[in-house]
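Peer 1: Here is my input; please provide its structure:
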Amino acid sequence: MRRWWVICSALSVLIGVPMTCAAADQASASTAKAPITIALITSLTGPAATEFASDPSGFLARIDLQNANGGIDGHKLVPLVIDDETSPTAIDTAVEEAISKGAVGIVSASALFFLAAKTAQQAGVPVTGTYSDGQEWGQQPYTNMFSSDEGSLNPTLPVNTLEGKLLRMFGGTEAGIYGYSISPSSTREANAVAQSFTHAGGKVAVLNTSLPFGNVNFTTQAIIAKQNHINAIYPTMEASSNFALATALKQAGVGMKAAIFSVGYDPTALTSSAWPDLQGDYFLSLFRPFSIPDAGTRQMAAALQKYEHFSKSQFPTPFQYESWAGADLMIKGLQMAGGNPTRAKVIRSLRSIKSYTANGLLPNPIDYTSIFGHDPAKTCVWVLKAQQGGFVPVSSQPVCGSDIPGTSTAGDS
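Peer 2: Below is the predicted model:
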């Protein structure tokens, strides 16, 4: 769960000064504070667009909310969304564009950002957003980067007790774990889940990390799963593959006690053709679900409804959460940096934050003064169960795990 397999993008900031020609307005124009434009870089096109094209909604709503409250010390925030095209070459171009336009900071929601992290670091640009693209979020010299979901990560990528705990909690004894061959992060996560489940006392009956990226044909895997008497699965693939696996297992008559998905808690799942086959399965969320309301969820829901035309029953996708939190953390850094924030001031301000929760959306506070290069002491997720009417929280409290000392998956691929 700490290493979601994702493809995401980044966020930039642009500063400008509006001018007027009317003599009567010259005095007020001369004292107006320069707007600060924050840019989001995400995959609006390319293979990842199906997952992330709606990401900007969270980002834009958070900026609109801040402007309604006066901006940053009188500076208006102006959003700029940049497409990384899900391209290893376009991601660096996107970061360079943000910098060339005067970006004060970048919010990243991209699994490709690791390819352009050096460009942002050398320019001294603060970066917030999701940690899911790579180890640079906890590696030197990238102290300009601040994960707004986990805080940082341990570059050795140790195994966590969380996945095994969840599988055992819901009755899993013989597990099937599946990942993509072409995605190192998917493979690492699958291997980590296998070790976590073994540590928890379970048996890994099937560990298959040779699957093609985007695979939706699991007939053979379902037969093998039945032959090996598996009663639990934890795939580390994208939602379309995970859902196809669930359907194939059901059609093959494989009885599941614990089917756990770290991705897929998404409104689109409710209208998916696979939804009937997902009933009784478990989905994880790094962020507090709207169905367990608090101040943070109410604030976000109201902003999405007002500025992004969400319905009252609509809840955000994982990466709408991510883009909201990335914008929220950047805004906090700008607020703390004083009346005329610079990149260096924002970095110093963010590194001084001792307790960040995205107004309650996160399960535990993040201390940015000490977390760089480390995993959180506890890795926590909310668990929801797929039922006919939608996703229902298993508990109002998240489930937590911790790193297993002496373990590492950094070399797995």
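
Peer 1: distance of the closest residue to Thr143 other than its chain neighbours from Ser352?
Peer 2: Leaving aside its sequence neighbours, Thr143 sits nearest to Phe372 (Cβ to Cβ, 6 or more residues apart in numbering; 6.1 Å). Yep, even glycine has a C-beta here, placed from its N, CA and C like the rest. Noted for Phe372: a distance of 13 Å to Ser352, by Cβ to Cβ, to the nearest Å.

Peer 1: higher neighbour count, the two?
Peer 2: The neighbour comparison of Phe372 against Ser352 (other Cβ atoms under 10 Å) goes to Phe372, with 19 against 11.

Peer 1: Just give me the neighbour total for Glu136.
Peer 2: Residues lying near Glu136 (other Cβ under 10 Å) number 21.

Peer 1: Tell me how the protein divides into domains.
Peer 2: With domains defined by automatic domain parsing, the chain comprises 11-150+293-351, 162-285+379-401.

Peer 1: Distance to Asn359 and mean pLDDT for those - can I get that in a markdown table?
Peer 2: Converted to a markdown table, the domains of the chain look like this (distance: least, Cβ to Cβ, whole Å; pLDDT from 0 to 100):
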| stretch | distance to Asn359 | mean pLDDT |
| --- | --- | --- |
| domain 11-150+293-351 | 4 | 87 |
| domain 162-285+379-401 | 16 | 96 |
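
Peer 1: pLDDT at the residue nearest to Thr143, what is it?
Peer 2: Turning to Phe372, the model gives it a pLDDT of 97.

Peer 1: returning to that earlier point: adding distance to Gly411 as columns, could you present the domains of the chain in a markdown table?
Peer 2: Shown next, in a markdown table, are the domains of the chain (distance: least, Cβ to Cβ, whole Å):
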| stretch | distance to Gly411 |
| --- | --- |
| domain 11-150+293-351 | 12 |
| domain 162-285+379-401 | 9 |
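
Peer 1: To Asp412, which of those domains lies closest?
Peer 2: With Cβ to Cβ as the measure, domain 162-285+379-401 is the member of the domains of the chain nearest Asp412 (4.5 Å).

Peer 1: buried stuff in the lengthiest helix in the chain?
Peer 2: In the chain, assigned by DSSP state H, the helix with the most residues is helix 318-336. Across helix 318-336, burial judged by 16 or more other Cβ atoms under 10 Å covers 318-334.

Peer 1: One more: stretch 113-124?
Peer 2: Judged by neighbour count using 16+ other Cβ under 10 Å, the buried positions of stretch 113-124 are Phe113, Phe114, Leu115, Ala116, Ala117, Thr119, Ala120, Gln121, Ala123.

Peer 1: Taking those together, which two end up most distant?
Peer 2: Most distant of the buried residues of stretch 113-124, by Cβ to Cβ, are Phe114 and Ala123, 16.1 Å apart.

Peer 1: Relative to Arg288, how far out is Leu384?
Peer 2: 11 Å.

Peer 1: Sorry, wrong one. I was asking about Lys385.
Peer 2: As judged by Cβ to Cβ, Lys385 and Arg288 stand 16 Å apart.

Peer 1: And for Glu238?
Peer 2: The gap separating Glu238 from Arg288 is 23 Å, by Cβ to Cβ.

Peer 1: cool, and Gly333?
Peer 2: For Gly333, the distance to Arg288 - Cβ to Cβ - is 22 Å.

Peer 1: With Ile106 instead?
Peer 2: Distance of Ile106 to Arg288, given as Cβ to Cβ: 25 Å.

Peer 1: between these two, who's got more neighbours?
Peer 2: Using other Cβ under 10 Å, the more surrounded residue of Ile106 and Arg288 is Ile106, with 35 against 24.

Peer 1: Need phi/psi at the more buried one.
Peer 2: phi -120, psi 130 (degrees, to the nearest 10).

Peer 1: So it is in contact with Thr119, correct?
Peer 2: No - if you go by Cβ atoms under 8 Å, Ile106 and Thr119 don't touch, sitting 9.9 Å apart.

Peer 1: Mutual contacts of those two, please.
Peer 2: Both Ile106 and Thr119 are contacted by Val95, under the criterion Cβ atoms under 8 Å, 6 or more residues apart in numbering.

Peer 1: circling back to that earlier point, what's the residue nearest to Thr143 in contact with, if anything?
Peer 2: So Phe372 contacts Gly138, Thr143, Ser152, Arg351 (Cβ under 8 Å, 6+ apart).

Peer 1: can you pull out the helices in the chain?
Peer 2: Using DSSP H, the helices of the chain run over 26-31, 49-52, 56-68, 90-100, 117-122, 162-169, 184-199, 219-227, 239-251, 295-307, 318-336, 343-351.

Peer 1: Val392: how many residues sit nearby?
Peer 2: Using other Cβ under 10 Å, Val392 has 12 neighbouring residues.

Peer 1: same thing with Pro393?
Peer 2: The number of residues near Pro393, taken as other Cβ under 10 Å, comes to 16.

Peer 1: For it, list each beta-bridge partner.
Peer 2: Pro393 has these beta-bridge partners by DSSP bridges: Leu384.

Peer 1: Let me know the distance separating it from Pro341.
Peer 2: Pro393 sits 38 Å away from Pro341, going by Cβ to Cβ.

Peer 1: can you check Val394 too?
Peer 2: Per Cβ to Cβ, Val394 is found 42 Å from Pro341.

Peer 1: between these two, which one's more packed in?
Peer 2: Neighbour count, other Cβ under 10 Å: between Val394 and Pro341, Pro341 has more, with 23 against 15.

Peer 1: who's in contact with the more buried one?
Peer 2: Ile36, Ile72, His75, Val104, Gly333, Leu334.

Peer 1: wait, doesn't the first one sit right on Lys101?
Peer 2: No - with contact defined as Cβ under 8 Å, Ile36 does not count as touching Lys101 (11.8 Å).

Peer 1: more neighbours, those two?
Peer 2: Ile36 (25 against 16).

Peer 1: Enumerate the beta-bridge partners assigned to the more buried one.
Peer 2: Beta bridges link Ile36 to Ile15, Leu77, judged by DSSP bridges.

Peer 1: just the one 4 residues further on next, same as before
Peer 2: According to DSSP bridges, the residues that bridge with Leu40 are Leu11, Val107.
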